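Participant: Below: sequence and its predicted model.
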Amino acid sequence: MIKFEIKKLIQNKAALGGVLVALLIFYGLFFVFFFESQVSIPARGINSREAIKLNQKIAEDHSGSLTDKRISQIIDFRVKTANNEFHKNQFMDVFSWNVVETFLPKKDHDKFYGVDRVSRKGIKFLSVNDLGTKVPPSELRIGNFKPWDELFRVMSGSAILIAIMSIYLCAAVFSGDSSKNLLPLLLTTKYGRTKQTRAKLCAVWIIATVIFAVTEIITIGVFANYFSFSGWNTSVQLNFEWHIFDFPIKMNFLQLLLWSLLFQYLGILFTVFLTAFISSYTQNPSTSLAVSLLIFFVPWLLKQVFKSGTGYQLLGFFPLINGSVKGMMTRLNSPGELIFNHININVASIIFVMVLVSVLSCFAIYRRMKAKGTN
């Protein structure tokens, strides 16, 4: 039964067309954030692959505990390389540039970047204590952060793409039969109200899971091949693009990757089972698709209306709002963004709500199909 239900949902021209469009968008994410990343920008005499390896070597040579001594060494390296061949070749040293921009006082920016020469003379750089970290600086690890920032950008974009593809393929799970007047007939059969319903729910779960798994495996595989896993143990606080230095939990990029995969997968289940619930109430696939997409994007629209307060905080329970890894980390670290004032409680409550909605959607569908079969 499950295999039959899966075939009904994916074996049509519309499904194939949707998959092809999704693949093009997926490649676009790779192109923008991997192949055209800042760390892969070529220079004179340096191709993209060499630029990646050079950026990686620079970051790894200066990796370690966050101390004033280490930061000073990175700044000295930046001064030296900016005034020699790296500068002449227009090589983009992403790591040291971000470190300097973080610790260089704004008032001294023009003084540091002189007319014809970079110099730190007469400039008092910020101390690591000036970052306001809640985790002791010596327990934070600085490292090759930029490739991981690009990975999380791709994952954030692909999370929305996975959700839309799951909605697109699964919206017809019940309404497809309703539009052909088959559902009332199926519900009168021996297994129509029980096994058939379970088979449909299993089908949408398998489709969503396969889409999620394949997408993430490809993403992480391309990332590993292109950038390697260099910097995996860098502290999330020291992704200089995010400015979450005061994030209170000690966590590295590999841990954040696993945490993000869990969050996004639960968000996909939330979305696909809610789509199945909507499909059980609508009479044709087009309506199911339109309503499901509307509900998926409504939280984003409401976020433009509610800028604070309880209504704004409740929007944090929806998958679309949590899809961005950077956005989620920023919200968790910002007071007033979510219902509770403790990060662990907010994380647990979001997970609980996503699981609860998924389970309740399945339960409601099962009860509705049983009730319809007895009418």
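Facilitator: It's in. Numbers count the residues shown, from 1 in each chain.
Participant: Nearest the middle, which residue of the protein would you pick?
Facilitator: S156 (2.7 Å; CA atoms, centre = their mean).
Participant: who's in contact with that residue?
Facilitator: G323, S324, V325, K326, G327 (CB atoms under 8 Å, 6 or more residues apart in numbering). The C-beta positions use only the backbone N, C-alpha and C, and glycine is treated the same way.
Participant: ok, now A199?
Facilitator: Counting by CB under 8 Å, 6+ apart, A199 has contacts M1, I2, F4, E5.
Participant: again with S179
Facilitator: So, once contact is read as CB under 8 Å, 6+ apart, S179 ends up touching Q283, N284, P285.
Participant: Quickly name whichever of those residues is closest to N47.
Facilitator: P285 (48.1 Å; CB to CB).
Participant: Just give the nearest non-adjacent residue to the closest one, would you?
Facilitator: A172 (3.7 Å; CB to CB, 6 or more residues apart in numbering).
Participant: one step back: out of the contacts of A199, who's the most crowded?
Facilitator: Among these, E5 has the most neighbours (other CB atoms under 10 Å), with 22 neighbours.
Participant: ok, back up a step: just the ones of the contacts of A199 in helices?
Facilitator: Taking DSSP state H, the ones among the contacts of A199 that sit in helices are I2, F4, E5.
Participant: Return the member of these nearest to S260.
Facilitator: I2 (29.0 Å).
Participant: my read: that closest one touches I206, true?
Facilitator: Yes - between I2 and I206 a contact is recorded at 7.1 Å, counting by CB atoms under 8 Å.
Participant: What about E36? Give its phi and psi, please.
Facilitator: phi -110, psi 30 (degrees, to the nearest 10).
Participant: For burial, what's the neighbour tally of it?
Facilitator: 12.
Participant: to the chain's geometric centre, what's the distance from stretch 225-236?
Facilitator: Distance, stretch centre to chain centre, for stretch 225-236: 16 Å (CA atoms, centre = their mean, to the nearest Å).
Participant: Mind picking the two most distant members of the contacts of A199?
Facilitator: Once CB to CB is applied, the contacts of A199 give I2 and F4 as the farthest pair, at 7.2 Å.
Participant: next one: phi and psi at H62?
Facilitator: Per degrees, to the nearest 10, the backbone of H62 is at phi -110, psi 20.
Participant: give me every residue that touches it.
Facilitator: Contacts of H62 (CB under 8 Å, 6+ apart): R70, Q73, I74, F77, F95, S96, I142.
Participant: follow-up on the earlier one: which of the contacts of S179 ranks first by neighbour count?
Facilitator: P285 (22 neighbours).
Participant: That one and S175 touch, don't they?
Facilitator: Yes - if you go by CB under 8 Å, P285 and S175 touch, sitting 5.1 Å apart.
Participant: Much appreciated, bye for now.
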